[in-house]
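Trainee: just to be clear, the model below is a prediction. Sequence and coordinates:
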Amino acid sequence: MSDAKVILTRCEEYDNTKVAQELQRHFELLGGLQRFVKRGDSVLLKPNFIAPRSAHHATQTHPAVIIETAKLLKDFGAKPFVADSPAWSNVENCIKKLKLQEPLKKLNVPYKQLNRAKKCKIGDNTVGISSLALDADVIINLPKFKSHQQLVATFAVKNMFGTVCGKKKAIWHFRKGKEAEKFCHFLIDIFKYLNPALTIIDAVYVMDGGGPIRGRTRPLGYLISGTEPIAIETVCAKLINLKPEDVPIIETAKKIGFDCSDFEKIEVLGDGLPEQPCTDFELPKLIPIRFSLAHVCRSIAKQIVLLAKSGIGKNKNNR
């Protein structure tokens, strides 16, 4: 395999003009937008909409990253749409908290709930993946850089787990969560199956401590991108002084021979890694990956009520 390339550029604030400039720079360093999309392509922008929190919290992908990526795609002639299947609540509420309704409306970019599950054979498992994700011509992965109480930290790979519809994600935590390696292998299989053309990580402000929802919001000041997810994860770990082998997803990828986890074979372009990594990134106190059966049942019941009230199940907001 050729050496992997990861783009790392400084971006210290969510100023839309600055974010747009840096995103343009990323695409140029990666060979141009035309490398990833064609005019007329339907492009799923898959942010991290895990729970409805405002842009002041590093819980969700920041609106500036979503909007400026969508603008670049629209200007190119592609047809982007924003969609996810939040673990808590729904896309409508997540969009409202981020105040994204009007900016997306002005761009004529729809937002959708990733529903309409289609059974897919992924590895040794049959998984319900949203047909909206499967039907997109291209997927661009827009995760948030975060600590994670079950997986130490999440960067590129786990965000694609959001294409699993609704509370089926909780069921997979129960089924695969007894062993970290099995769960991470499952996450990697989903990523490989969906095969996003590109990952762009929002690491301008990140979450440390008790992530992925209730941690501390803190500055890190980067946008990070690439086509090879484990290479990206490895660079992200280095950025916060975390040994890649201590991140379960990276360690699992190394064991199964997926992608590039050898830092010496990764070319970091753009502004490059700083001379000194961030040394005060607070790691989480780890809890089990596996949800109890009672937890799964309660979670499913709550989501059914929520979706029924919001009309998501009837595609009210799938514009």
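Mentor: Here it is on my side, so go on. Numbering: from 1, shown residues only.
Trainee: chain center to whichever strand or helix holds Val82: distance?
Mentor: Per DSSP states H and E: Val82 is located in strand 79-84. In terms of C-alpha atoms, centre = their mean, to the nearest Å, the centre of strand 79-84 is found 13 Å from the chain centre.
Trainee: stretch 158-171 now?
Mentor: 12 Å.
Trainee: what about the closest residue to Glu228 other than its chain neighbours, distance to Lys178?
Mentor: Distances taken as C-beta to C-beta, 6 or more residues apart in numbering place Ala4 nearest to Glu228, at 4.3 Å, with adjacent residues excluded. Backbone N, C-alpha and C define where each C-beta goes, glycine included. Distance of Ala4 to Lys178, computed by C-beta to C-beta, to the nearest Å: 31 Å.
Trainee: what's the local residue count around Gly31?
Mentor: Neighbourhood size, Gly31 [other C-beta atoms under 10 Å]: 11.
Trainee: regarding it, what is its secondary structure?
Mentor: When classified by DSSP: H, G, I helix; E, B strand; the rest coil, Gly31 comes out as coil.
Trainee: do you know the pLDDT at it?
Mentor: Among the per-residue scores, Gly31 holds a pLDDT of 96.
Trainee: check the one 5 residues further on too.
Mentor: Phe36 is assigned 98 on the pLDDT scale.
Trainee: same thing with Ile50?
Mentor: You'll see Ile50 listed with a pLDDT of 96.
Trainee: end to end on stretch 124-138, go ahead and measure it.
Mentor: Counting by C-alpha to C-alpha, to the nearest Å, you get 25 Å between the two ends of stretch 124-138.
Trainee: what does it rub up against?
Mentor: Contacting residues not belonging to stretch 124-138 are listed as 36-38, 41-44, 46, 78, 81, 83, 85, 112, 114-120, 122, 139, 163-165, 168, 172, 186, 189-190, 193-194, 197, 318 [C-beta atoms under 8 Å, 6 or more residues apart in numbering].
Trainee: which of these fall within strands?
Mentor: Among the contacts of stretch 124-138, the residues falling in strands (DSSP state E) are 42-44, 46, 81, 83, 112, 117-120, 122, 139.
Trainee: now for these: which two are most distant?
Mentor: The span of the ones in strands among the contacts of stretch 124-138, defined through C-beta to C-beta, is set by Val43 and Lys119 at 24.3 Å.
Trainee: mind listing the residues bridging to Leu223?
Mentor: Legend: beta-bridge partners of Leu223 under DSSP bridges are Thr9, Asp202.
Trainee: where does Ile200 fall, phi/psi-wise?
Mentor: With angles defined as degrees, to the nearest 10, Ile200 sits at phi -120, psi 120.
Trainee: surely it is in contact with Thr227?
Mentor: No - using C-beta atoms under 8 Å, Ile200 is not in contact with Thr227, being 10.7 Å away.
Trainee: report how many residues lie close to Trp172.
Mentor: Count around Trp172 with other C-beta under 10 Å applied: 21.
Trainee: and it, what's its pLDDT?
Mentor: At Trp172, pLDDT is 94.
Trainee: doesn't Val164 make contact with it?
Mentor: Yes - between Trp172 and Val164 there is a contact at 6.6 Å, judged by C-beta under 8 Å.
Trainee: how about low-confidence regions in the stretch 151-300 of the chain?
Mentor: 291-300 (pLDDT under 70).
Trainee: and the contacts of stretch 124-138, which are buried?
Mentor: Buried by 16 or more other C-beta atoms under 10 Å: 36-37, 41, 43-44, 46, 78, 81, 83, 85, 112, 114-117, 120, 122, 139, 163-165, 168, 172, 186, 189-190, 193-194, 318, out of the contacts of stretch 124-138.
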